[in-house]
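Asks: Sequence plus the predicted model coming up.
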Amino acid sequence: MNLKEQIRRILREETKIPYSLRRRFHYLDNEVEENMKYIYTPNTICRFGSGEKLLEVITEKAIGSMYFTYFKYVDDFTKDWEIIYELMVNHINDKYGEEIKKYYHMNCGN
């Protein structure tokens, strides 16, 4: 069963995330961590104005990279992509949300 069929199964059954999609979340984690290490360093993040904005920027950059690397064959106007996008946003917010906000606060204050 390919990824597209697994996504359709999610739509029908609304079950847990399929293995192939969870495996790609490892790459999503790598994208977020690389962004925080090399792009959004302490001397460049204060321009965003808040930890929430920094989280939003990192999330969008990581998802954009994931789309063009792993999901470019999924039409971005379909329900499939909407579900994948929402799963990735929720994953980043759950796993890194507080960490990114604290990172911003430690380096930029309020």
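Replies: Happy to help now that I have it.

Asks: Give me the mean pLDDT for the helix ranked longest in the chain.
Replies: Counting residues, the longest helix in the chain under DSSP state H turns out to be helix 79-108. Across helix 79-108, pLDDT averages out at 90.

Asks: Pull out the buried positions in that helix.
Replies: In terms of neighbour count (16 or more other Cβ atoms under 10 Å), helix 79-108 has its buried residues at 80, 83-85, 87-88, 91-92, 96, 100, 103-104, 107-108. Bear in mind the C-beta positions are built from the backbone N, C-alpha and C, glycine included.

Asks: In TSV, list those residues along with distance to Leu55.
Replies: Listed next are the buried residues of helix 79-108 as TSV, based on distance: Cβ to Cβ, whole Å:
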residue	distance to Leu55
Asp80	25
Ile83	21
Ile84	19
Tyr85	16
Leu87	17
Met88	13
His91	13
Ile92	8
Tyr96	7
Ile100	5
Tyr103	9
Tyr104	8
Asn107	14
Cys108	13
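
Asks: And the residues you listed, which is closest to Cys46?
Replies: Nearest to Cys46 among the buried residues of helix 79-108 is Cys108, at 4.1 Å by Cβ to Cβ.
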